[in-house]
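**Q** Fold the following for me, if possible:
(one chain, ligands or ions: 2)
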Amino acid sequence: AALARVSRSITKSVLSREQAEGAGARVRRSIGRPELRNHDPFLMLDEFNVDRNGGFPDHPHRGFETVTYMLEGQFQHEDFAGHKGTIGPGDLQWMTAGRGIVHSEMPVKSQTRAHGLQLWINLPREHKMCEPQYQELLDGQIPRATPQDGVVVKVIAGESHGIKSQVYTRTPTMYLDFKMDKNKTVEQTIPASFTGFIYMLKGTTLIGDNEFVGKAHHTLTFSEDGAEMVKIQTKDEDAHFVLIAGEPLKEPIVQHGPFVMNSKEEIYDTFVDYQTNQNGFERARNWKSSITA
Ligand SMILES: Nc1ccc(F)c(C(=O)c2c[nH]c3ncc(Cl)cc23)c1F
Ligand SMILES: [Fe+3]
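**A** Residues are numbered from 1 along each chain as shown. Ligands and ions are numbered 1, 2, ... in the order given. Predicted coordinates:
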């Protein structure tokens, strides 16, 4: 008989309450909060809620990627190279900051609120100073797997049930948006070497062979025990959550706000580059975004 596959189990469940961030924005911080540091290669996951007066005005990034996934409302972004755009519900912006980006991320004024997720993924040292790159997908361009009726998996990065994302991930990453009706069971394959977690947006799930309960706004971290899949069930409630997993980089992490490098010296050099507008920050000189006004 075929061996029943063992599921990952949940090692920790942490509730994220709203906190102030940016300019008048509210975020529930998952990865990156005190109880959830060191989830290599992930640096931060924020569920953000921004009303029309809030946002994230002009700020820099170096050494990692920011992945913005909109759930409701519209967000606009503009960087110091004039790259600008608007992302709406279900749309994705995968920004590889690499050697340096300065940008502004603000809700579209006409919106009542903008609600979404921003994930920060660390880059391996050989990519930390790469040219910045955007991969932007509209909701309709993101493939879905439907392993059974009532279970839809949007494949933002990586693969699910044979459906692959087209996003190029320098750090091997899986980013899946699950919508499950009640009374469903699904198994998601995850490479044994990946570290990962589920962040619950709505409803209740039972995860793993021992049916650990997942509730809204909780982060549920996976065991690292060699299991190559995770089993997720719903009972009497629909559920909406993201499953995020990736290959740990196993490199030193030195983070100072929006700069994430491998040593203190590199962080010092980054501050010099940012202050003196060099080595990737040339276009930051005298730049002000037009959307922050
Ligand atoms: N350094 C630093 C300091 C403070 C910040 F708020 C930010 C920042 O921009 C964000 C933090 N979470 C977020 N979620 C969504 C969006 Cl669109 C942006 C952010 C940042 F980069
Ligand atoms: Fe940013």
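**Q** Tally up the residues packed near the residue lying closest to residue 228 once chain neighbours are set aside, please.
**A** Spatial nearest neighbour of residue 228, chain neighbours left out: residue 192 (5.0 Å); criterion: Cβ to Cβ, 6 or more residues apart in numbering. For every residue, glycine as well, the C-beta is placed using N, CA and C. As a burial measure, residue 192 scores 12 neighbours (other Cβ atoms under 10 Å).
**Q** pretty sure residue 192 is in contact with residue 226, am I right?
**A** Yes: under the criterion of Cβ atoms under 8 Å, residue 192 makes contact with residue 226 at 5.0 Å.
**Q** would you list every one of the helices in the stretch 151-293 of the chain?
**A** 264-276 (DSSP state H, counting those that start in this stretch).
**Q** Please list the residues of this structure that sit near ligand 1.
**A** Residues of the chain lying close to ligand 1 (Cβ under 6 Å from any ligand atom) are 21-22, 27, 46, 48, 56, 59, 68, 105, 118, 257-258.
**Q** Narrow these to those in strands?
**A** 21, 27, 46, 48, 56, 59, 68, 105, 118 (DSSP state E).
**Q** so who does the closest residue to the third one other than its chain neighbours touch?
**A** To tie it back to what came earlier, the one meant is residue 46. Using Cβ to Cβ, 6+ apart and skipping residues adjacent in sequence, the residue nearest residue 46 is residue 27, 4.1 Å away. By Cβ atoms under 8 Å, 6 or more residues apart in numbering, the contact list for residue 27 reads 18-19, 21, 46-49.
**Q** And for residue 134?
**A** So residue 134 contacts 83, 93-96 (Cβ under 8 Å, 6+ apart).
**Q** likewise residue 77?
**A** Per Cβ under 8 Å, 6+ apart, neighbours of residue 77: 68, 83-87, 93, 103-106, 291.
**Q** Need those residues in TSV (columns: neighbour count).
**A** Shown next, in TSV, are those (neighbours: other Cβ atoms under 10 Å):
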residue	neighbour count
68	20
83	14
84	14
85	13
86	14
87	24
93	21
103	24
104	23
105	28
106	24
291	20
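**Q** Go through those residues and name the one nearest ligand 1.
**A** Set against ligand 1, the nearest of the contacts of residue 77 by Cβ to the nearest ligand atom is residue 105 (3.6 Å).
**Q** now the closest one, which residues is it bridged with?
**A** Taking DSSP bridges as the rule, residue 105 bridges to residue 56, residue 77.
**Q** and the residue nearest the centre of the chain, what are its bridge partners?
**A** Centroid-nearest residue in the chain: residue 119, 2.3 Å away (criterion: Cα atoms, centre = their mean). With DSSP bridges as the criterion, residue 119 is bridged to residue 45, residue 67.
**Q** thought it was touching residue 39?
**A** No: with contacts counted by Cβ under 8 Å, residue 119 stays clear of residue 39, the gap being 10.9 Å.
**Q** what is in contact with those two at once?
**A** residue 31.
**Q** can you give me the strands in the stretch 151-293 of the chain?
**A** Remark: strands assigned in the stretch 151-293 of the chain by DSSP state E, counting those that start in this stretch are 151-157, 159-160, 163-164, 173-180, 185-189, 195-203, 205-207, 212-214, 218-222, 229-233, 239-246, 254-256, 259-261.
**Q** Can I get the ones you listed in CSV including distance to residue 135?
**A** As requested, those are exported to CSV (distance: least, Cβ to Cβ, whole Å):
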stretch, distance to residue 135
strand 151-157, 9
strand 159-160, 16
strand 163-164, 14
strand 173-180, 12
strand 185-189, 23
strand 195-203, 21
strand 205-207, 29
strand 212-214, 29
strand 218-222, 25
strand 229-233, 26
strand 239-246, 16
strand 254-256, 23
strand 259-261, 19
